[in-house]
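# sharing a model prediction with you, sequence too.
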There are 2 protein chains.
Amino acid sequence: MTLVTISILLGLLAVVYGFITSRQVLGAGAGNERMQEIAGAIQEGAQAYLKRQYTTIAIVGVVVAVLVYVFLGVIPTIGFVLGAILSGVAGFIGMNISVRANVRTAAAAQSGLQQGLTLAFRAGAITGMLVAGLALLAIAVFYWYLTDIAGYAANDRHVIDGLVGLAFGASLISIFARLGGGIFTKAADVGADLVGKVEAGIPEDDPRNPAVIADNVGDNVGDCAGMAADLFETYVVTVGATMVLTALLFGERLGVLLEPMMALPLLIGGACIVTSIIGTYAVKLSKGKTNVMGAMYKGFAVTAILAIPLIWFVIDYALGGIGTEIGATAASIDGGAPLAEEGTAAQVVSFTGWDLFWCSVIGIAITFLIIWITEYYTGTNFRPVKSIAKASETGHGTNVIQGLAISLESTALPTLVIVAGIVSTFQIAGLMGIAYAATAMLALAGMVVALDAYGPVTDNAGGIAEMAGLDDSVREKTDLLDAVGNTTKAVTKGYAIGSAGLAALVLFAAYTTDLAEFFPGADVDFSLENPYVIVGLLLGALLPYLFGAMGMTAVGRAAGDVVKDVREQFAADPGIMEGTSKPDYAKTVDLVTKAAIKEMIIPSLLPIFAPLATYFVITMIAGQENGFAALGALLLGVIVGGLFVALSMTAGGGAWDNAKKYIEDGNHGGKGSDAHHAAVTGDTVGDPYKDTAGPAVNPMIKITNIVALLLLAALAV
Amino acid sequence: MTLVTISILLGLLAVVYGFITSRQVLGAGAGNERMQEIAGAIQEGAQAYLKRQYTTIAIVGVVVAVLVYVFLGVIPTIGFVLGAILSGVAGFIGMNISVRANVRTAAAAQSGLQQGLTLAFRAGAITGMLVAGLALLAIAVFYWYLTDIAGYAANDRHVIDGLVGLAFGASLISIFARLGGGIFTKAADVGADLVGKVEAGIPEDDPRNPAVIADNVGDNVGDCAGMAADLFETYVVTVGATMVLTALLFGERLGVLLEPMMALPLLIGGACIVTSIIGTYAVKLSKGKTNVMGAMYKGFAVTAILAIPLIWFVIDYALGGIGTEIGATAASIDGGAPLAEEGTAAQVVSFTGWDLFWCSVIGIAITFLIIWITEYYTGTNFRPVKSIAKASETGHGTNVIQGLAISLESTALPTLVIVAGIVSTFQIAGLMGIAYAATAMLALAGMVVALDAYGPVTDNAGGIAEMAGLDDSVREKTDLLDAVGNTTKAVTKGYAIGSAGLAALVLFAAYTTDLAEFFPGADVDFSLENPYVIVGLLLGALLPYLFGAMGMTAVGRAAGDVVKDVREQFAADPGIMEGTSKPDYAKTVDLVTKAAIKEMIIPSLLPIFAPLATYFVITMIAGQENGFAALGALLLGVIVGGLFVALSMTAGGGAWDNAKKYIEDGNHGGKGSDAHHAAVTGDTVGDPYKDTAGPAVNPMIKITNIVALLLLAALAV
């Protein structure tokens, strides 16, 4: 059995886990009729949204696929289609489980907290395993097809272009899903809050609010389907980029080690699927305790710690001994010639299996640290959230000021961790070290996505309990389950963008190596002394700002539509507020759906056209070499700018949300106090920050990079 | 008469203008006794603050001066002290005029709008001319002393180090003044609003509010003294960097052209002082109109348009013919050797006087465009402000969301303008082209500062009219005058940070050339392919975020102290609210003073220590060459990150403020409506954005760059 076949089997294992667990989840009791009715409305709304979203994406996708085919040929097109479809499948199945698990979680919470936790977490784990499993399968099967069936060499151009095409497909779905879902969820949420809590004075999740179903649908299409597509993309791009870099930097100089080295990232991914599955069973409350976050962390810790020996074993097995030297072997095969054309310090390096192992361990350590930092900035037990809650006492303005201060501050530690990761892994094994750290980070995606996808299930469960008029004790339990949701959601986003920081370096290396291969004559000056590099950096850093502005405005606009619609429904039928007649939930869902789809198009195209425009304009003015330099710098500009925008938005938004929760727990005057009103404002501001604009930056960064790689390939044809 | 002597005389002309005009301003009627009493309290408070601020800065300054002396010798130390003192003088005099012109403007507004405008604008013009004049004098006199008296060659290392020292002195004052003043003004403003408008329900500028004098003092120490120090620094750094670059890049290869080329930036500065003085007399309302902004723009347009032929003349005169070739002459003198060691495209270039002229014109055009864009984003007539006002209808949350969206969006056009400026000037005359565009931009500083320093005068005038119980018609006139203040203040900040975008490139070039000269053996890889460059970029981009977080938190904390103090005063003496006894204004002023001074220290030290830490840590880990690379990248990272943070904060804050004004003008329900309450929240959030954190980023960028240059010089000793 080849290494790739093993990876494929491990990917299938994740799918099997998803299948079995979904039988368990769907087999659980679905509550009384009223609960099922509400859940039905949510399911219907979610499906209606996804249908329209996927239809729109399909139209764009077909156009893009034709362009890919025309400019790059058939294999990248197959990769593109495969990436797009599997990404869609992961999101689609995950969401379908999620909108069925919500009501079952509410029902299970009637029996106890542990029961509710088990059900909700299993639902999340299904999405998690499907994301990791399908992503691994997408790469492994496609790679296996290209090398074993089509017979290309492991580092053949067709293989590289195919993997890039695959990543492009995943990225394109991801940016639409993240942005469309993000706009939907926050337009519904903000709109429902504004017109419900603020104007009509009815509580959250009150069935009289016509936007309440849309709000619950939004949790699923945003935090489940959108996030699944995002992490699927991050996984495919990171693991794919590591393989592409292996092929480009070393290629046949690796000799017999080429195939194992190409398969190694896949094997690491497969190994972590095994430990993730084990980890999901470790998510259990300690006896008599209600520390839900602790239970989650237990699962994550088991996954990550078990991953370390397994990665050791996998490297040892693949390379035929962990001490195998890789760079030196390659160089000696090639008669001591430098490994890459450029001969820069970044590329000539010799390392052993041990080195790759240590870099993978660093990747896992980075994941731990980022989770810990995110918990610090968004958890209710620490200074940041407490300081926002305290600032709420003096009003809306000071709440927002303190929240913005925290969001700015929250970028510091993750940046230092990422910098430390770059420096240490580069010292150990050069660029490949960075790539392996990123791969190990992403290998844990199954577990991380499980933590995140758990959020919308419990959020919905609370809503259903409220709307179905279940006993208050049920709502209390779902609230306990949901309380950690803000933190786990922030954690996933921090993790995704943090890994992007490393992956972007790998992608940039792929860009420069590609450039050297396609345009061997071009003397591209990537030095900071070249003003076109500065121009590229500035334009790149601008993208997340512009993109964030578009996302925020879209939410504001769509939320305004929701407010108008709800007002109209209230005015047309006073029976709604009296509770004697039912609002038209479907109308609001439909409205938000249309708005979200319309609003997601333009910003999604920004990262596709910006690199093209930059390259062609600068080439026209200052020649092709400066065009390449500016484009390369744009790729790094978008990560340097985007990292901070995304980190500050996701952590800040989470902190605002939990500051509100902290006050609702009875601090600073509790629910209904002035401080609470101010905290609700902060939460509203944080909503599009953390769920629309912030997380969409991650796929935006990737897509910019991949478009650049595709552009090079197209120019070279 | 040498070119430098002419520059000195033109610098003196600005000082003479300031002296004469201040006689005129101080000769105007100072209103009735009550008005003078209030103005007296403001003067006292402002002086108390400045005294304490300068004392603190002096202590830090002496320590730094000793360090400069120990590591770099006597001439940089003289430069440092000179820069620091003259920067302080410009701010000190300007503010003293400002706190005397406020009451006179209120008195003049009793006679008519034009009278009020003339007085307030003249007061602003004094600060403007002093900033430009003293900055020009600082460089010109010091340069004249070093070359004519001390006898050093124009490109001697002592001259270069002296100019860098001068810039460092100006920058150090600037960051403290911007940050201390910014924290003071916004802590007082936010605190006064929170406890006055929101809690006690009394209007702005109500004399019963104990924080009202502190608020008025804040306008002066922030927008006048702080801004003056900032622009003084920007002027000195930009013009100085152009001279340093001339010396480093070309040096004696310029032959007979060396001295004219060194003096040319000074002459351009001098020429624009003449046109700025003419421009101040063009600030007049059209007959029967009340378009204050139009009157201001007339003044600016006259200044800028007259500057074009004068700059042409100055270049023609200095070089002995505008067609003189500069690069070619230099090369031929040097026997055709390349102009710089590196031989990169960025450095070898040949250009004529015409080219420098066109680059200067582009600099002026950039200034025009940035003013126009800022007006668009912060003026009440355009979409951005209107959209925030409209979003206020649906509450605090949507107001803030839309404001944040606008603040993110507002970075796009200025970035494109700066990018276009970099590309076009670089195409024309290489790095020197960029340097001349920046110099021409800064040469207009006298007029730009005048527009800005006008703001606090009219703001105070309104406050005094209110507190002294003058007729409502007076307040209406001061309100008309004040309405443009938000825009002019935003314009100045956009201008300062925009010029920093160009100046940073020049400073980076100075860094790399310095490096090549001091460490000729070092093979520093500034390529984006070097991971230590990425590390530097990330760390650099982090600085403005961390710095912004500190500034915002400081304002929140200090504003909280103000709230507590005011509450205590109200509780201790109920007569205050009844209007029967006077609050203790001085106590609040003293409290804000102490808080602002305490809070400004740590963030101000961040840009000093961050470059040092980056260099030493990376050198330790990866060797000196990577240390230099990371440090260089940090310099660009801080501009790439800082440009967006500063632009978004200053434009966003201005837009929020004017959205409130727009609603107060009777739109969306007018004063007291729900929309107005939401807009007040947005204004409060925008306050520390636009007046504390945002504008302080500009000096922060410069100081990081200058510390790097000093570090090189110190390492080379």
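Cool, got the structure.
# alpha carbons only for contacts and neighbour counts from here, please
Noted.
# how close does A:Tyr662 get to B:His677?
To B:His677, A:Tyr662 is 25 Å away according to Cα to Cα, to the nearest Å.
# of the two, who's got more company?
The neighbour count for A:Tyr662 versus B:His677, taken as other Cα atoms under 10 Å in any protein chain shown, is higher for A:Tyr662 (24 against 21).
# now the strand or helix carrying the more buried one against helix B:624-664, angle please.
A:Tyr662 is part of helix A:624-664 when elements are defined by DSSP states H and E. Orientation of helix A:624-664 against helix B:624-664 (axes from the mean of the first three to the mean of the last three Cα atoms, to 10 degrees) gives an angle of 60 degrees.
# what residues does the stretch 301-450 of chain A put near chain B?
Contact residues (Cα under 8 Å from any Cα of the partner chain) of the stretch 301-450 of chain A with chain B: A:344-346, A:391, A:394-398, A:400-402, A:404-409, A:411-412, A:415-416, A:419, A:422-423, A:426-427.
# now, the residues you listed that are in helices?
The members of those that map onto helices under DSSP state H are A:391, A:396-398, A:400-402, A:404-409, A:412, A:415-416, A:419, A:422-423, A:426-427.
# out of these, which end up buried?
Buried by 16 or more other Cα atoms under 10 Å in any protein chain shown: A:391, A:396-398, A:400-402, A:404-409, A:412, A:415, A:419, A:422-423, A:426-427, out of those.
# which residues does the residue in the stretch 51-200 of chain A that chain B sits nearest to contact?
Proximity of the stretch 51-200 of chain A to chain B (Cα to the nearest Cα) peaks at A:Leu194, 6.9 Å away. Neighbour list for A:Leu194: A:Val563, B:Thr394, B:Gly395 [criterion: Cα atoms under 8 Å, 6 or more residues apart in numbering or on different chains].
# out of the residues you listed, who's nearest B:Gly116?
Distance to B:Gly116 across the contacts of A:Leu194 (Cα to Cα) is lowest for B:Gly395, with 36.7 Å.
# okay, now that closest one: neighbour count?
Other residues lying near B:Gly395 total 22 when counted by other Cα under 10 Å.
# touching, it and B:Val680? I think so.
No - B:Gly395 lies out of contact with B:Val680 (Cα atoms under 8 Å); the separation is 10.8 Å.
# show me which residues of the stretch 51-200 of chain A sit near chain B.
Looking at chain B, the residues of the stretch 51-200 of chain A close enough under Cα under 8 Å from any Cα are A:Leu194.
# what segments of chain A are strands?
Shown for chain A, no strands are assigned by DSSP state E.
# confidence-wise, which helix or strand of it is lowest on average?
For chain A, counting by mean pLDDT, DSSP states H and E, helix A:327-333 ranks last in confidence among helices and strands (a mean of 51).
# which pLDDT value goes with the closest residue to A:Tyr532 other than its chain neighbours?
Excluding the flanking residues, the one nearest A:Tyr532 by Cα to Cα, 6 or more residues apart in numbering or on different chains is A:Ala630, at 5.2 Å. On the pLDDT scale, A:Ala630 is placed at 96.
# give me the neighbour count for A:Ala630.
A count of nearby residues for A:Ala630, using other Cα under 10 Å, gives 32.
# can you pull the contacts of it?
Neighbour list for A:Ala630: A:Tyr532, A:Val533, A:Ile534, A:Val535, A:Gly536, A:Leu537, A:Thr614, A:Tyr615, A:Ile618 [criterion: Cα under 8 Å, 6+ apart].
# gap between it and chain B?
Between A:Ala630 and chain B the computed distance is 11 Å (Cα to the nearest Cα, to the nearest Å).
# with A:Asp479 instead?
A:Asp479 is 24 Å from chain B, where distance means Cα to the nearest Cα.
# A:Gly462 is in contact with that residue, correct?
Yes - applying Cα under 8 Å as the test, A:Asp479 and A:Gly462 come out as touching, 6.5 Å apart.
# between these two, tell me which one has more neighbours.
More neighbours surround A:Gly462 than the other of A:Asp479 and A:Gly462, with 29 against 17 (other Cα under 10 Å).
# what bridges to the closest residue to chain B within chain A?
Ranked by Cα to the nearest Cα, the top residue of chain A for proximity to chain B is A:Ser527, at 3.9 Å. Under DSSP bridges, the beta-bridge partners of A:Ser527 are B:Ser527.
# report pLDDT for it.
What the model reports as pLDDT for A:Ser527 is 92.
# residue contacts, it?
For A:Ser527, the contact set (Cα under 8 Å, 6+ apart) comprises A:Val533, B:Asp525, B:Phe526, B:Ser527, B:Leu528.
# can you give me the end-to-end distance of stretch A:516-534?
End-to-end distance for stretch A:516-534: 21 Å, by Cα to Cα.
# report the buried residues of that stretch.
Per 16+ other Cα under 10 Å, stretch A:516-534 contains these buried residues: A:Ala516, A:Val524, A:Asp525, A:Phe526, A:Ser527, A:Leu528, A:Glu529, A:Asn530, A:Pro531, A:Tyr532, A:Val533, A:Ile534.
# same question, stretch A:670-685
Of all the residues in stretch A:670-685, those buried under the rule 16+ other Cα under 10 Å are A:670-671, A:673-685.
# centre of the chain to that stretch, how far?
The gap between the average C-alpha position of stretch A:670-685 and the chain average comes to 29 Å, counting by Cα atoms, centre = their mean, to the nearest Å.
# same question for stretch A:692-706.
Stretch A:692-706 has its average C-alpha position 9 Å from the chain's average C-alpha position, going by Cα atoms, centre = their mean.
# near chain B at all, it?
No - contact of stretch A:692-706 with chain B (Cα under 8 Å from any Cα) is absent, the minimum separation being 9.8 Å.
# and A:Pro338, what's its pLDDT?
At A:Pro338, the model reports a pLDDT of 41.
# same check on A:Gly433?
93.
# shouldn't it be in contact with A:Asp355?
Yes - between A:Gly433 and A:Asp355 a contact is recorded at 7.5 Å, counting by Cα under 8 Å.
# so between the two, which is more surrounded?
A count of neighbours by other Cα under 10 Å puts A:Gly433 above the other of A:Gly433 and A:Asp355, at 29 against 24.
# contacting residues around that one?
Neighbours of A:Gly433 in contact, by Cα under 8 Å, 6+ apart: A:Asp355, A:Leu356, A:Cys359, A:Ser360, A:Thr425, A:Phe426.
# the same query, at a cut-off of 7 Å, please.
Counting by Cα atoms under 7 Å, 6 or more residues apart in numbering or on different chains, A:Gly433 makes contact with A:Leu356, A:Cys359, A:Thr425, A:Phe426.
# which one of those has the most neighbours?
A:Cys359 (29 neighbours).
# my guess is that residue contacts A:Thr439, does it?
No - if you go by Cα atoms under 7 Å, A:Cys359 and A:Thr439 don't touch, sitting 9.6 Å apart.
# that older thread, quick one: which of the buried residues of stretch A:516-534 is nearest B:Asp590?
Using Cα to Cα, A:Ile534 is the member of the buried residues of stretch A:516-534 that lies nearest B:Asp590, at 45.2 Å.
# near chain B, which residues of the stretch 551-700 of chain A are found?
A:Met552, A:Thr553, A:Gly556, A:Val640, A:Gly641, A:Thr681, A:Gly682, A:Thr684, A:Val685 (Cα under 7 Å from any Cα of the partner chain).
# residue contacts, the residue lying closest to A:His677 once chain neighbours are set aside?
In space, and not counting its chain neighbours, A:His677 is closest to A:His396: 7.5 Å by Cα to Cα, 6+ apart. A:His396 sits next to A:Ala678, A:Thr681, B:Thr681 when contact means Cα under 7 Å, 6+ apart.
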